[in-house]
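Asker: Got a predicted model here, sequence first, then my questions.
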Amino acid sequence: MALPNDVVIYQFDGERGCMVPLLETIANGRPSVLLVHGQPGSGAMWGEVPFMLHKFANVFSYDRPGWGSSSLSATDLSGNTDYLASVVSAIGISSLVLVGYSYGGAVVLDYCSRSNSNPRVVLIAPAANYHALGLLDSVLEIGVFDLFSRPRSRYFKLRRALRLDQTPTGLAIKSLLSESRWIRKDLQALRVPKDLASVVIVAGILDRVVPPTSIRALSQSLGDANVEWFGKLGHTIIWQAPEVIVSVISKFLGNSGSRDAIREQS
């Protein structure tokens, strides 16, 4: 399988223990998960989540336009949705579980509303409606408040995760400013699908970027979608508690044995 030059996709390599550029997908009968990052971010910026997910699933991620190693300029929500469609097509697996973090959640929902497919969806602290616009615009999803409200070990874990982002600093600033110009209009216009086959939302009570009011409103617009709430976690939940994310995805996929393995790791 040859990927288009402008599509940057990664797959977790169990032998190397890290995400590597995708060369070809392998049909091994395991579920497949595609991670869609937020803003700022890249396909490499998922901390321990891919390593833990790989225990029971094929794990893919990619660089959205303007981020990581992408050669494309940052684009609006519609452009991100088109790009996600090209990634799904390039991977060539029809039963992908889409996992969207923060603004990546909006990209996933827009893709679902515009495509003919009806994938299973996991939304992590999703910035996907106008209720998330206030602090989202102010702190640009970096989770500044979380850095100072968590123990120092959490802070340094997040700093390590941020260093995994492959986006050059100048490009990151340019992409951040570009997406921020479009995000208000895009989120206000976003039409969430009401007929998803299966969807779950993961959220932290202490999230100051996408507050609980936004999560509750989104759940209602999705037909009272199930929300997994976590009381001591905020917007940086991926790095604060990756085992929580993986456990929810495992339960979502019906892998009870995998949940036991995750608990042993944590």
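Answerer: Cool, the structure landed.

Asker: What ranges does the stretch 151-266 of the chain have for its helices?
Answerer: Ranges of helices in the stretch 151-266 of the chain, per DSSP state H, counting those that start in this stretch, are 152-163, 169-189, 212-221, 237-240, 242-253, 256-265.

Asker: Confirm for me that residue 238 is in contact with residue 46.
Answerer: Yes: counting by C-beta atoms under 8 Å, residue 238 touches residue 46, with 6.5 Å between them. Quick note: C-beta positions are derived from backbone N, CA and C, even for glycine.

Asker: count of neighbours near the closest residue to residue 203 other than its chain neighbours?
Answerer: The shortest distance from residue 203 to any non-neighbouring residue, by C-beta to C-beta, 6 or more residues apart in numbering, is to residue 215 (4.5 Å). Neighbour count for residue 215, taken as other C-beta atoms under 10 Å: 26.

Asker: got the buried residues for stretch 168-176?
Answerer: Residues of stretch 168-176 classed as buried: 171, 172, 175, 176 (neighbour count, 16 or more other C-beta atoms under 10 Å).

Asker: can you check stretch 63-75 too?
Answerer: For stretch 63-75, a neighbour-count test (16+ other C-beta under 10 Å) marks 63, 64, 65, 66, 67, 68, 70, 72, 74, 75 as buried.

Asker: pLDDT value on the last one, please?
Answerer: Each residue has a pLDDT score; the one for residue 75 is 93.

Asker: With the fifth one instead?
Answerer: According to the predicted model, the pLDDT of residue 67 comes to 89.

Asker: Test my guess that it contacts residue 36.
Answerer: No: the pair residue 67 / residue 36 is not scored as a contact, 11.2 Å apart, by C-beta under 8 Å.

Asker: re the thing from before, with pLDDT added, can I get the buried residues of stretch 168-176 in TSV?
Answerer: Below are these laid out as TSV (pLDDT from 0 to 100):
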residue	pLDDT
171	77
172	77
175	83
176	79
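
Asker: Spatially, which two of the residues you listed are the most separated?
Answerer: 171 and 176 (9.4 Å; C-beta to C-beta).

Asker: I figured residue 199 was touching residue 123, is that so?
Answerer: Yes: with contacts counted by C-beta under 8 Å, residue 199 reaches residue 123, the gap being 6.9 Å.
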